[in-house]
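Asks: My questions concern the predicted model and sequence given below.
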Amino acid sequence: MPITEYIASLSQNPYFGAGFGLFGVGAGAAILRKGFQTSMMLFRRHCMITLEVPCRDKSYQWLLHWITQKGARKTQHLSVETSFLQKDTGQIKTKYDFIPSVGQHFFRYQGAWIKVDRTREQQTLDLHMGIPFETVTLTSFGSNKQLYYDILEEARTMALKQHEGMTVMYTAMGSEWRPFGHPRRRRPLHSVVLRNGLTDKILADCLDFIENPSWYTDRGIPYRRGYLLYGPPGCGKSSFIMALAGELEYNICVLNLSERGLTDDRLNHLLSVAPQQSIILLEDIDAAFASREDTSMQKAAYEGLNRVTFSGLLNCLDGVASTEARIVFMTTNYLERLDPALVRPGRVDMKEYVGYCDESQVELMFLRFYKDAEHAKTFARKVMETKKNVSPAQIQGYFMFHKHSSPVEVLNNIDVIWTLG
Ligand SMILES: Nc1ncnc2c1ncn2[C@@H]1O[C@H](COP(=O)(O)OP(=O)(O)OP(=O)(O)O)[C@@H](O)[C@H]1O
């Protein structure tokens, strides 16, 4: 049979017609699907704008809180984050924050609909935090990037407002800094009573440093400043640094140099990634190295474990180069135990003794507690007449002991100061 006849006979075959029809429908559907996918992809690429924020990014938590409070307020799918807040009285209040749960949420911002996708990768763990890796993706119509800048900026401002008037303490965890405990209410600087003029001297030095970055850059000097406070325990070294941080609106990163596992490399890294506007505090700096020289059990226990070396610390202090003001505070009870190399200018630019009370300090502390100028003078004189060393912590303890006593009773019992605690 010639081929034309064969084709003509096929067209009359009902089975072939039906099969061909089905094939046509299938092919048509496939082409339509492909076309739809391509146009969706083109639409997404040209008409939608997305922002992906991974959980390692600083703005991640800010954004989640902002979305719950400002954006997707009506969403019913939430997860909880519990935090603690300390009141002035020391009482701790538990606070529950809701954040959008994993999944999709929608909200309107500046007239635009925004889709929120919070996704969690079950397979990938964030090694630093030990939690699954997460991302939040915002998607919206249009090409206006400003929308996302505005959202991130609002989220940041909202987060910072929460900590207004607070000092956040950071501690080193692995290779990063993490807030430690609850943010503390700022302590008024002059509530820490140091010898006359010392508070203002240190404050003025810090302010001069913070306000004059160009003085350092113009002269090629690293933009950092080191302070050492030394003196007996209970005289206010730590309290002063906390109060100073509050005054400067800085936070504090506390580093324990004797910590096991803190190597030179880790220390170097930590110093270079410290949060902005924070004071680095190295407490009891003598303890980290003193134990190396003695042959006590302690040394044996730590032997073989990674620790910071003295030269490592010096290198790290020298290497703290930063575009923003880097303030390092060190404290010690034993200045004489410190290696001169550690306290030379450049590493320690200001070295101040914070010691036992003098007469005016005792008087001021009395005034703060009892608001009685006349008895304050007598009290201070009587304390000084004993010729015994007295720390502000001892005076504070004595006043707390006499919380409900009259100023006269406080005057008549001063021997108790040295027997408390
Ligand atoms: N100069 C001071 N003025 C007011 N209070 C003070 C002062 N010094 C110490 N105190 C009080 O005494 C307590 C202990 O003080 P702090 O821990 O600051 O002393 P320190 O010098 O850092 O001691 P250490 O060397 O043991 O760390 C705090 O409760 C603090 O309020």
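Replies: Thanks, I have it.
Asks: how about the strands in the stretch 301-421 of the chain?
Replies: Secondary structure of the stretch 301-421 of the chain, counting by DSSP state E, counting those that start in this stretch: strands at 326-332, 350-353.
Asks: Just name the most buried of these.
Replies: Ranked by mean neighbour count, these are led by strand 326-332 with a mean of 23 (mean count of other Cβ atoms under 10 Å). Placement of C-beta: from N, CA and C, glycine included.
Asks: Quick one: mean pLDDT for that one?
Replies: Mean per-residue pLDDT for strand 326-332: 92.
Asks: Number the chain from 414, please
Replies: Got it, the first residue is 414 from now on, which makes the last one we talked about strand 739-745.
Asks: And for that strand, what's in contact with it?
Replies: Strand 739-745 has contacts (Cβ atoms under 8 Å, 6 or more residues apart in numbering) with 619, 622-623, 636-643, 650-651, 654, 663, 687, 692-699, 730, 733, 751, 761.
Asks: Over to stretch 791-809?
Replies: Contacts for stretch 791-809 (Cβ under 8 Å, 6+ apart): 605-606, 645-649, 769-776, 778-779, 820, 823-824, 827-828, 830-831, 833-834.
Asks: show me where the stretch 664-813 of the chain has helices.
Replies: 677-685, 698-706, 710-715, 723-732, 772-783, 786-798, 805-814 (DSSP state H, counting those that start in this stretch).
Asks: what about the shortest one, average pLDDT?
Replies: Looking back up the chat, that one is helix 710-715. 42.
Asks: and stretch 512-520, how far out from the chain's middle?
Replies: Counting by Cα atoms, centre = their mean, to the nearest Å, stretch 512-520 is centred 26 Å from the centre of its parent chain.
Asks: now do the same end-to-end measure for that stretch.
Replies: 14 Å (Cα to Cα, to the nearest Å).
Asks: quick one: average confidence on it?
Replies: 78.
Asks: For that stretch, list every residue counted as buried.
Replies: Residues 512-513, 517-518, 520 are the ones in stretch 512-520 that count as buried (16 or more other Cβ atoms under 10 Å).
Asks: Just put these in a markdown table and tack on secondary structure.
Replies: What follows is the buried residues of stretch 512-520, written out as a markdown table (DSSP: H, G, I helix; E, B strand; the rest coil):
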| residue | secondary structure |
| --- | --- |
| Ile512 | strand |
| Pro513 | strand |
| Gln517 | strand |
| His518 | strand |
| Phe520 | strand |
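Asks: Also near the ligand: which of those, exactly?
Replies: Among the buried residues of stretch 512-520, not one lies near the ligand by Cβ under 6 Å from any ligand atom.
Asks: From the residues you listed, pick the one nearest the ligand.
Replies: Ile512 (35.9 Å; Cβ to the nearest ligand atom).
Asks: beta partners of that closest one?
Replies: Ser492 (DSSP bridges).
Asks: My understanding was that it contacts His478; is that so?
Replies: Yes: Ile512 is in contact with His478 according to Cβ atoms under 8 Å; the separation is 6.3 Å.
Asks: How about the residues of the stretch 714-834 of the chain by the ligand?
Replies: Checking the stretch 714-834 of the chain against the ligand by Cβ under 6 Å from any ligand atom, the hits are 746, 805-806, 809.
Asks: That should have said the chain, apologies.
Replies: Residues of the chain lying near the ligand (Cβ under 6 Å from any ligand atom): 605-607, 646-652, 746, 805-806, 809.
Asks: Let me have the residues you listed in a markdown table, extended by neighbour count and secondary structure.
Replies: Listed next are those as a markdown table, based on neighbours: other Cβ atoms under 10 Å; DSSP: H, G, I helix; E, B strand; the rest coil:
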| residue | neighbour count | secondary structure |
| --- | --- | --- |
| Val605 | 21 | coil |
| Val606 | 23 | coil |
| Leu607 | 28 | coil |
| Pro646 | 10 | coil |
| Gly647 | 19 | coil |
| Cys648 | 27 | coil |
| Gly649 | 25 | coil |
| Lys650 | 26 | helix |
| Ser651 | 20 | helix |
| Ser652 | 19 | helix |
| Asn746 | 16 | coil |
| Pro805 | 22 | helix |
| Ala806 | 17 | helix |
| Gln809 | 17 | helix |
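Asks: Lowest average confidence across the helices of the stretch 664-813 of the chain, which one?
Replies: Among the helices of the stretch 664-813 of the chain, helix 710-715 scores lowest, at a mean of 42.
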